[in-house]
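Peer 1: structural data only, the sequence is not supplied:
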């Protein structure tokens, strides 16, 4: 992992010479239109202003405007200036920021995995097989709900969400050293919705946000949807590279750092207490907020300290969910935040969702309270540890090497034999009915082309290893 | 109803004279900072640029900048210019756009209603009493779900959402003249989430959006969260005032029109076919998209034509949900849109929610399919018609006059006796444990201070009329 911090910027920059200046100016304007920083009907900057901003001569900009007008991209309005042509088109996320290789963009893994039928193997997906989930507890909870009060079945939830579940969450967080009162906890539909709500609350278009490289691919897509400028720092087995972390904070002043600290996705690494301490000191120095997405917390054998525990929910916001360990069908996530932010988060939740899913919260609460969840998790951790060891051994046998042996969780971040591109392997595997997770889907700097993320619970079928072995052999032969 | 189209703008404008020019410039900058169009750490416009933009002399702007710097609002960086001081603070919706009277801002009704305990009467809320909902069908569906396949209980849904429910929705829309294939239908957690997703997809910060005056209060809050500029047109008993509608389109070129056409919230009015036709012609002329929020559709006795039916889902996007008629606890809404927009909407749904609530969709689907929903709705429409007649009569008896007698639905939009402010009545009622819905919560122009919205299903308790009678008498005596 030697990812560089990368800054995503609207217009093209650098590297062009002489006769291509006009083309560079045209490109920059086209990209601003594609990225909607210039929208149909809006006025273009004056020739003088654009020339100054791009460090070009006015004659270069005049040429660029005239050629774009000839192409129908912009139109001249005599006496007024140039305007973006065309009728408004809806937003496409692919158009925000530079377009990565569409084959492995941030949606590749989720779209392929969510759309795959039962016959498809999904070692690239981010969830457990249905058979590994606590179905007996859920069935019991559904039967109990069928006898609940009318209000439980039909009414909106309260703005913060089911009180009994928030009390339970506060106790569970307490066990991990995070002191949060139930009034600091806001239920959401999911961990994803929690992160989306926090992005709305904490950042605005153009703000800079820091992520790990690699990180969960949906972080990239979410931050683009919020029109953030993304910077990244390489992740090491004990957390982000702290030297680079400090440099990036000094250079880019990110408003927010979005991370998983306990079991990092995709690497399975765990943040060390020393790195956690240094992150928090730097965050304080540069007035940066941290959102700690802790949805894999319950997979840990021994709870590691959280940023939220060190910090006491001052500068850190803590997010969790039950999609990975209980049910992804009954949606339920949560945010724990500083008390003075709760009112603003409630307003945003009402505006964008009106109310959380009361039924989902009741269901999660019932399974958590009857003891079956704790027993389920004890068994699940053992089962995952076994699958982790087995998958690691089987991958090594075909030349695929784990970056580290994770202490817990479902993910194994692995490098392919020298020079093979994971995107090629992923495409080959897809043709044979297997969805993989190629490394660059997780990497802002696109420096993880030699990596794949394996979900050990979804990597038990021998077909996977057969397909991987053949795909690697084919690429090694250069086919 | 003589609402003026109102345009929400960041800085203060107009009406100031002579010696207060410096104060006006200071105000404008403070408001831009409050509205976050200038964020902490960002550079202020040059003195010359601001002077030109505000039509002021440079010396006025110099004075304003210096006084703001003395107040600590901004800071001067020698040789570089002026910067906004202070450390970044999180977004508060109250800070986007001008701050309405906090007493009756767009959150007033929802916060009061969602937070109220069982002992509180809620004639101002937007949902039915729990006892009016189809609890028997829901209990049966929960018992059936308790025996479903593991995947139903624990897996994520597909990106579009449960196929059997989308087929059913396509058939139901067909009955209302809206031709939508199941592949054009995207399930969401709720109608609110559907609208939020569409705002993300269709508008960007600064775009102008048109709403009705009055309209559902959450439209204002949602559009502010999306940093839209809002314009409004007065609503008449047959739809928006079409002359004003054309004028506003010509003057403001809104990108989007957000409305309920069938049973309008809060007025209970129904869009006439002639007005629908003219709206669609104007929308075409000015390249405007229409989002038709049709969550009250199932309350109609006779289906009136929808904008989406006239238009064939070209320029119109159709939104529905089951929160009002089936369950607000099991969240389930949907979007029907033109086929070429579906992929982009799926990407946005994955980014912001990862997956819809499969369990909620399964539950709604089960109740819809077993026939109990249709029987429930037949009874519910009759029950609402009775409550509508009774509530109307009881309100008239104490001097509160319906603006029209709605054909269907739960809302009655009523005017108070001359000169009484609904916000005062709402505050008096709240002190006696009754949540009302004062008119200005629904009005962008704040021209509905003499109106209240009543939910006839929640207006059966005689205490309500007693409290209203006393509050009106007190205000008429000028206390």
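Peer 2: Thanks, I have the structure now. Keep in mind that what you see is a predicted model, and the values were worked out from it rather than measured.
Peer 1: what's the domain layout of chain A?
Peer 2: A:18-84, A:102-126+A:374-476, A:134-370 (automatic domain parsing).
Peer 1: residue A:452: what's it in contact with?
Peer 2: Residue A:452 makes contact with A:124, A:400, A:413, A:414, A:416, A:422, A:425, A:426, A:436, A:437, A:438, A:439, according to Cβ atoms under 8 Å, 6 or more residues apart in numbering or on different chains. Every residue, glycine included, has its C-beta placed from N, CA and C.
Peer 1: doesn't it lie inside a strand?
Peer 2: Yes. Residue A:452 forms part of a strand when assessed by DSSP: H, G, I helix; E, B strand; the rest coil.
Peer 1: returning to what we had before: out of the contacts of residue A:452, who's the most crowded?
Peer 2: residue A:436 (31 neighbours; other Cβ atoms under 10 Å in any protein chain shown).
Peer 1: now do the contacts for that residue.
Peer 2: A:123, A:124, A:422, A:425, A:426, A:429, A:430, A:452.
Peer 1: quick revisit: quick check: which of the domains of chain A is nearest to residue B:409?
Peer 2: Checking those against residue B:409 by Cβ to Cβ gives domain A:134-370 as the closest, at 18.0 Å.
Peer 1: how long is the closest one end to end?
Peer 2: In domain A:134-370, first residue to last residue: 12 Å (Cα to Cα, to the nearest Å).
Peer 1: and residue A:106, what pLDDT?
Peer 2: The per-residue pLDDT reported for residue A:106 equals 64.
Peer 1: tell me the least confident of the contacts of residue A:436?
Peer 2: For the contacts of residue A:436, the pLDDT minimum is residue A:430, 90.
Peer 1: nearest residue to that residue in space, please, no chain neighbours.
Peer 2: residue A:112 (6.8 Å; Cβ to Cβ, 6 or more residues apart in numbering or on different chains).
Peer 1: element containing that neighbour, please.
Peer 2: Applying DSSP states H and E as the criterion places residue A:112 in helix A:108-115.
Peer 1: what residues sit buried inside that helix?
Peer 2: A:108, A:109, A:110, A:111, A:112, A:113, A:114 (16 or more other Cβ atoms under 10 Å in any protein chain shown).
Peer 1: tell me the spacing between residue A:108 and residue B:461.
Peer 2: 56 Å (Cβ to Cβ, to the nearest Å).
Peer 1: contacts only, for residue A:292.
Peer 2: Contacts of residue A:292 (Cβ under 8 Å, 6+ apart): A:259, A:260, A:261, A:306, A:307, A:308, A:316, A:317, A:318, A:319.
Peer 1: chain B: which of those is nearest?
Peer 2: Minimum distance to chain B across the contacts of residue A:292 is 9.9 Å, recorded for residue A:317 (Cβ to the nearest Cβ).
Peer 1: so the closest one makes contact with residue A:294?
Peer 2: No. If you go by Cβ atoms under 8 Å, residue A:317 and residue A:294 don't touch, sitting 10.4 Å apart.
Peer 1: intersection of neighbour lists for those two?
Peer 2: residue A:308.
Peer 1: neighbour count winner among the two?
Peer 2: residue A:317 (28 against 25).
Peer 1: next, the contact list for the closest residue to residue A:278 other than its chain neighbours, please.
Peer 2: Nearest residue to residue A:278, sequence neighbours excluded (Cβ to Cβ, 6+ apart): residue A:242, at 5.0 Å. Counting by Cβ under 8 Å, 6+ apart, residue A:242 makes contact with A:275, A:278, A:279, A:282.
Peer 1: over to residue A:223?
Peer 2: A:199, A:209, A:211, A:230, A:258.
Peer 1: by neighbours, which of those residues wins?
Peer 2: So for the contacts of residue A:223 (other Cβ under 10 Å), the most neighbours sit at residue A:258, 29 neighbours.
Peer 1: just the pLDDT at it, thanks.
Peer 2: Reported pLDDT for residue A:258: 98.
Peer 1: list the helices and strands the helix or strand that it is a member of packs on?
Peer 2: Using DSSP H and E, the element containing residue A:258 is strand A:256-259. Packed against strand A:256-259, as judged by 3 or more Cβ pairs under 8 Å, 6 or more residues apart in numbering or on different chains; DSSP states H and E, are the following elements: helix A:191-202, strand A:208-213, strand A:289-293.
Peer 1: turn those into a markdown table, including distance to residue B:235 and mean pLDDT.
Peer 2: Below are the helices and strands packed on strand A:256-259 laid out as a markdown table (distance: least, Cβ to Cβ, whole Å; pLDDT from 0 to 100):
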| stretch | distance to residue B:235 | mean pLDDT |
| --- | --- | --- |
| helix A:191-202 | 29 | 96 |
| strand A:208-213 | 41 | 97 |
| strand A:289-293 | 41 | 97 |
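Peer 1: how about a markdown table for these, with distance to residue A:270 added?
Peer 2: Formatted as a markdown table, the helices and strands packed on strand A:256-259 follow (distance: least, Cβ to Cβ, whole Å):
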| stretch | distance to residue A:270 |
| --- | --- |
| helix A:191-202 | 19 |
| strand A:208-213 | 13 |
| strand A:289-293 | 13 |
